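Chemist: Following is a predicted model, sequence given first.
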Amino acid sequence: MIIPIISELPSSPEAHRLLSASKTLPLRIYSQQLCSKQSSFDSGSIGLFPSNANFSEIHKMLNSGLDYALFEHSEIESAKNDQFYEKIPASRLGLIFNNCKLLSQFLDSNDQDLAVSIVKLNTIYYPELDMDLKSISQKAKNLRIIAELSFDTSENSLELSLQSIQALTNLGIDVCSDINNFSFEDTASSLNKLSYADSFISSCGIQSDRTDGLYTTVVTDQMGVCLGLAYSNNESLKQAFSLQQGVYWSRKRGLWHKGLTSGATQELLGLKLDCDKDTLFFTVNQKSPGFCHNDTYTCFDSTEFGNNGVLSRLGAVLSERKENPPPGSYTSRLFNDTALLNDKIMEEAEELCSAVTPDEIAWEAADLLYFMLTKATANGVSISDIEKNLLIKSKKIVRRPGNSKRKLGPEESESSKNIDLTDENGSKQAKISPDSEKSISESQSDNLITSLSHVKVPTPEGMKIEMRSFDKNNLSKEEINQLLQRPIIKADEIIDIVKPIIDQVKLHGDSAIKELTSKFDKVDLDSVVLTAPFTIPKLNENVKNSIDLAYNNIRKFHEAQLTDPITIETMPGVTCSRFSRPIERVGIYVPGGTAVLPSTALMLGIPAQVAGCSKIVLATPPAKDGSIAPEVLYVAHLIQAHSVVMAGGAQAIAAMAYGTETVSKVDKILGPGNQFVTCAKMIVQNDIMAMVSIDMPAGPSELLVIADMTCEPSYVASDLLSQAEHGPDSQVVLVGVNLTNEMQAEISKQLDEQANKLPRVGIIRHSIPKSFSIQFDNYEEAMEFSNNYAPEHLILQTAEPDSLVPKVLNAGSVFVGKYSCESCGDYASGTNHTLPTYGFARMYSGVNTSSFQKHITSQKLSKEGLQSISNAVMTLAEVEGLDAHRNAVYIRVKDN
Ligand SMILES: NC(=O)c1ccc[n+]([C@@H]2O[C@H](COP(=O)([O-])OP(=O)(O)OC[C@H]3O[C@@H](n4cnc5c(N)ncnc54)[C@H](O)[C@@H]3O)[C@@H](O)[C@H]2O)c1
Ligand SMILES: N[C@H](CO)Cc1c[nH]c[nH+]1
């Protein structure tokens, strides 16, 4: 390929055109002077330097994307600079030799690897006479050899020069020459210049493998999205190169300047050949609507970009929003509100740091990408600009150690026993001192207000795992209110994911469930439902006995919740009663994304069975091998489930809400789950067509422990960890009543020690920094805080825990005294573990027997009863202007 040498900035339109054409070629050489004017380099840039050049400058350039640094070999030799070869990495070094002999000698005597060599051929070159060059090209297999032609520009010699270029190309040697030796003008030869387009053709070495002699041409955009296939020949290629546009050879119509009539032109950005030089690769900036004759962006997908081009599409949409902001567009709002955009970037970055599972990480990374690209677009930076920088960074020869700018080193925490949560901008979030006096200065409090409930920085490995610690005496009312809040859930974004899933299941039933299960759970199901009787693999005896014990206790407690009908005579002859009836068809969701939960199957199935529901449908995600855990199947058998739906997430909820070919429709759906499950429950509950109700909205698990000086520190720590291990968003709270610093330090030590021995310590490193302890002076204040927080689980580890129970106003379930650990309630004591979270304990109860029942009232009035109530009913009906109501009484009493 031809490699132009560029020594000065273009001053004429022709020079500009030559320069921009040079940038489409794979390589170009810049003088030192031009190199020092560039802060970053396009891919394929080579710099020409004297041997006494400042090496730190050259390093900077290599770090900024310069591909190779070139030096005159003779200068290095004469400078006797022994360390020269140590200064530039061999893979980025090139040497210029004055003739073939010198290069040959260098190759024979020097074990120095080179990336590039340039051999100066000072006259018109006749390859058939130069045996040296032939032998060098065979000898130097891994070395790129470039011949510098000093053209004889007399008219006859120009033709010879083109022949030389072609002959060198055939030897696998590139040709470089000063860009001023070329011209795009038709009259190039009369100007004593070489035609740049002809030189390009002669040097590219393309050969057709087709009978019609055309060159297959792959066309992509800057992001590598394939737009389609076209054909070229020498004529079209010359046009493409000289116009810097997409010009091809149509097999039907001949020369085809893409978009000349439709306006969908292409700016040519890059031109290269494939490995065996029979296919061209054009990189273009495609103008709208696109490359395809069907007016789509690519020829391969009717949806414009297809899956491969999602980032391209996002880039295009962002640019479009910037140019033509539609009213009410959120992106346009971000363009105009830099502070909001910066806040969103920080928020999403923190969420990405907190993400643990691959799904969460992909989700959060996508959010962050959107906001990052919005910032880039707002400032005129395109995705290909970002890619260019990634490429430059990948070429760095000197790298920083890669330490974070955040002060989170273990040494620092060891020495100061403080965690200094300094954010990327250097602003303090909160200074935490577990063993020393807690204090939050005035100046910190502003930051604290935004960060108290939203600390998302996980504890790095090797650092002490500890909760943030506060004293209510150092906090304002507003700060205490901040602590009571749970993290904000991004409902809109989750709805955008869940709604299409529900619609898909509604529309395509079982086949949609199979498709979604394959997508999200990576399981290909043959059938969606297992129907009773179930085939249960043999269970370990101890496991089976434990499930049986739990079943009996939970059943006893839930049977006790069955209520007798109420019958009462409100007035003589007026009898009112209330009785319960089971909800006939119920769906119970047993989560299974990160853990198998037979205990949740017990907690939901037993009250349903006790209530007498006639059809219990259990849904749970299948394991990777498509099976359902034997423990869950055993529980399904114990609770006499009608069927097991082998699906999870929103698709399982939709299937039970609407029914499919094999999944039975239900009247109520109960059970916990992740944000997709919860969102789907909320959506189907609001769809009148589904006619389905739900138990309650659910969120990540929570626990609040109230402890005084009589508590056992190791028990407190173990309880906190038992809920912190559920998920990265779980929150645990220690409410201390007059705990000394020593006691707090002991609980903190126990927490760290126990956490580090747990297999789920990775999750705990996320959940514990989101958790906190807070100290109060008395039980009243502690209870008030707990009631305002409304925890899912409340543990009382105090001297007289029973005395605090009457003061509990809001909580899902209470665990009284130091032996009542929360785990017992999770599995086997008898109470239910499906409980309201997120503060919903203020108005919701946990799942219980009545969750599976409805209560029906009835009444019976005697003649006397009607007589005695009639005046009141008719008067009130009159007040409301509802005469038909009044008349129904009047017609009965008028004759008496
Ligand atoms: N409050 C309680 O009583 C209680 C009891 C047990 C579990 N939990 C909670 O339930 C939750 C269980 O969550 P889980 O994820 O382990 O199981 P899950 O069964 O709730 O969710 C798993 C399903 O989510 C779907 N899903 C995953 N990624 C998705 C995506 N990107 N888009 C759409 N759908 C996707 C998949 O279909 C998968 O089957 C946890 O938060 C846990 O703390 C609460
Ligand atoms: N603690 C959970 C309710 O928040 C339930 C559970 C299931 N398995 C263990 N625990």
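Modeler: Nice, thanks for sending it over. Ligands and ions are numbered 1, 2, ... in the order given.
Chemist: Looking at the closest residue to Arg321 other than its chain neighbours now. What's its pLDDT?
Modeler: Leaving aside its chain neighbours, Arg321 sits nearest to Thr331 (4.5 Å; criterion: C-beta to C-beta, 6 or more residues apart in numbering). C-betas here are computed from N, CA, C, even on glycine. Per-residue pLDDT puts Thr331 at 90.
Chemist: Against Ala811, how distant is Thr331?
Modeler: According to C-beta to C-beta, to the nearest Å, Thr331 and Ala811 sit 43 Å apart.
Chemist: Is stretch 616-631 positioned near ligand 2?
Modeler: No - against ligand 2, stretch 616-631 shows no contacts by C-beta under 6 Å from any ligand atom, the least distance being 11.7 Å.
Chemist: first to last residue in that stretch, what's the distance?
Modeler: 17 Å (C-alpha to C-alpha, to the nearest Å).
Chemist: Could you do stretch 326-337 as well?
Modeler: With C-alpha to C-alpha, one end of stretch 326-337 sits 16 Å from the other.
Chemist: before we move on, the earlier item: my read is the residue nearest to Arg321 is in a helix, agree?
Modeler: Yes - checked against DSSP: H, G, I helix; E, B strand; the rest coil, Thr331 lies within a helix.
Chemist: Report the secondary structure state of Val219.
Modeler: strand.
Chemist: still on that earlier bit, what separation do you get for the residue nearest to Arg321 and ligand 2?
Modeler: 38 Å (C-beta to the nearest ligand atom, to the nearest Å).
Chemist: How many neighbouring residues does that residue have?
Modeler: 21 (other C-beta atoms under 10 Å).
Chemist: correct me, but it touches Glu320?
Modeler: No - using C-beta atoms under 8 Å, Thr331 makes no contact with Glu320, being 9.5 Å away.
Chemist: Next, count neighbours for the closest residue to Asp729 other than its chain neighbours.
Modeler: Computed as C-beta to C-beta, 6+ apart, the closest residue to Asp729 that is not its neighbour in sequence is Pro700, at 3.9 Å. Counted with other C-beta under 10 Å, residues neighbouring Pro700 total 22.
Chemist: do Ala355 as well
Modeler: As a burial measure, Ala355 scores 20 neighbours (other C-beta under 10 Å).
Chemist: give me every residue that touches it.
Modeler: By C-beta atoms under 8 Å, 6 or more residues apart in numbering, Ala355 lies in contact with Ile361, Trp363, Glu364, Ala365, Pro728.
Chemist: Can you tell me how far the residue nearest to Asp729 is from ligand 2?
Modeler: 8 Å.
Chemist: And that residue, how close does it get to ligand 1?
Modeler: 5 Å.
Chemist: what about that residue, which SS state?
Modeler: Per three-state DSSP, Pro700 ends up coil.
Chemist: thought it was touching Gln731?
Modeler: Yes - counting by C-beta under 8 Å, Pro700 touches Gln731, with 6.9 Å between them.
Chemist: Enumerate the residues of this protein near ligand 2.
Modeler: Counting by C-beta under 6 Å from any ligand atom, the residues of the chain near ligand 2 are Leu597, Ser599, Thr600, Ser701, Glu792, Asp826, His833.
Chemist: Could you list the domains of this structure?
Modeler: 2-204, 215-308, 312-394, 468-485+700-830, 491-694, 862-895 (the TED database).
Chemist: Any idea which of those domains gets closest to Ser850?
Modeler: domain 491-694 (6.7 Å; C-beta to C-beta).
Chemist: Excluding sequence neighbours, find me the nearest residue to Tyr634.
Modeler: Closest to Tyr634 by C-beta to C-beta, 6+ apart is Ile536, at 5.2 Å.
Chemist: Which helix or strand contains the one you found?
Modeler: For Ile536, there is no enclosing helix or strand under DSSP states H and E.
Chemist: separation between it and ligand 1?
Modeler: Using C-beta to the nearest ligand atom, Ile536 is found at 21 Å from ligand 1.
Chemist: before we move on, what about Leu9?
Modeler: Using C-beta to the nearest ligand atom, one gets 51 Å for the distance from Leu9 to ligand 1.
Chemist: show me the contacts for the residue nearest to that residue when sequence neighbours are not counted.
Modeler: Closest residue to Leu9 apart from its sequence neighbours, by C-beta to C-beta, 6+ apart: Leu34 at 7.1 Å. Neighbouring residues of Leu34 by C-beta under 8 Å, 6+ apart: Ile6, Ser7, Glu8, Leu9.
Chemist: Assumed the third one was part of a helix.
Modeler: Looking back up the chat, that one is Glu8. No - under the criterion used here (three-state DSSP), Glu8 is coil, not part of a helix.
Chemist: What number of residues are in the vicinity of the residue of the stretch 1-150 of the chain found nearest ligand 1?
Modeler: Ligand 1 sits closest to Ser43 of the stretch 1-150 of the chain, with a gap of 35.5 Å, by C-beta to the nearest ligand atom. If you count neighbours by other C-beta under 10 Å, Ser43 ends up with 15.
Chemist: how near is the nearest residue to it once chain neighbours are set aside to Pro801?
Modeler: Among residues not flanking Ser43 along the chain, Leu391 sits closest, at 6.0 Å (C-beta to C-beta, 6+ apart). Distance check for Leu391 against Pro801: by C-beta to C-beta, it reads 64 Å.
Chemist: From the residues of the chain next to ligand 2, which one has the minimum pLDDT?
Modeler: Among those, pLDDT bottoms out at Ser701, giving 90.
Chemist: How about the residues of the stretch 751-896 of the chain by ligand 1?
Modeler: Counting by C-beta under 6 Å from any ligand atom, the stretch 751-896 of the chain sits next to ligand 1 at His833, Thr834, Leu835, Thr837.
Chemist: Recalculate using a threshold of 8 Å.
Modeler: Glu792, His833, Thr834, Leu835, Thr837 (C-beta under 8 Å from any ligand atom).
Chemist: Closest one of the residues you listed to ligand 1?
Modeler: Lowest distance from ligand 1 to these (C-beta to the nearest ligand atom) belongs to Thr834, with 4.1 Å.
Chemist: So what's the residue count around the closest residue to that closest one other than its chain neighbours?
Modeler: Computed as C-beta to C-beta, 6+ apart, the closest residue to Thr834 that is not its neighbour in sequence is Val847, at 4.0 Å. Look at Val847: counted by other C-beta under 10 Å, it has 27 neighbours.
Chemist: ok so Val847 is a helix residue?
Modeler: No - counting by three-state DSSP, Val847 is not part of a helix but coil.
Chemist: List the contacts of it.
Modeler: Met603, Leu604, Pro607, Leu670, Asp695, Asn832, Thr834, Leu835 are the contacts of Val847 under C-beta under 8 Å, 6+ apart.
Chemist: ok, now which ones touch the first one?
Modeler: With C-beta under 8 Å, 6+ apart as the criterion, the residues that contact Met603 are Ile554, Asn832, His833, Thr834, Val847.
Chemist: which among those residues gets closest to ligand 2?
Modeler: His833 (4.2 Å).
Chemist: now the helices: where do they sit in the stretch 251-400 of the chain?
Modeler: All helices of the stretch 251-400 of the chain, identified by DSSP state H, counting those that start in this stretch, fall at 310-323, 330-336, 338-354, 358-378, 383-394.
Chemist: The stretch 501-650 of the chain too?
Modeler: Secondary structure of the stretch 501-650 of the chain (DSSP H, counting those that start in this stretch): helices located at 541-559, 598-611, 630-638, 649-658.
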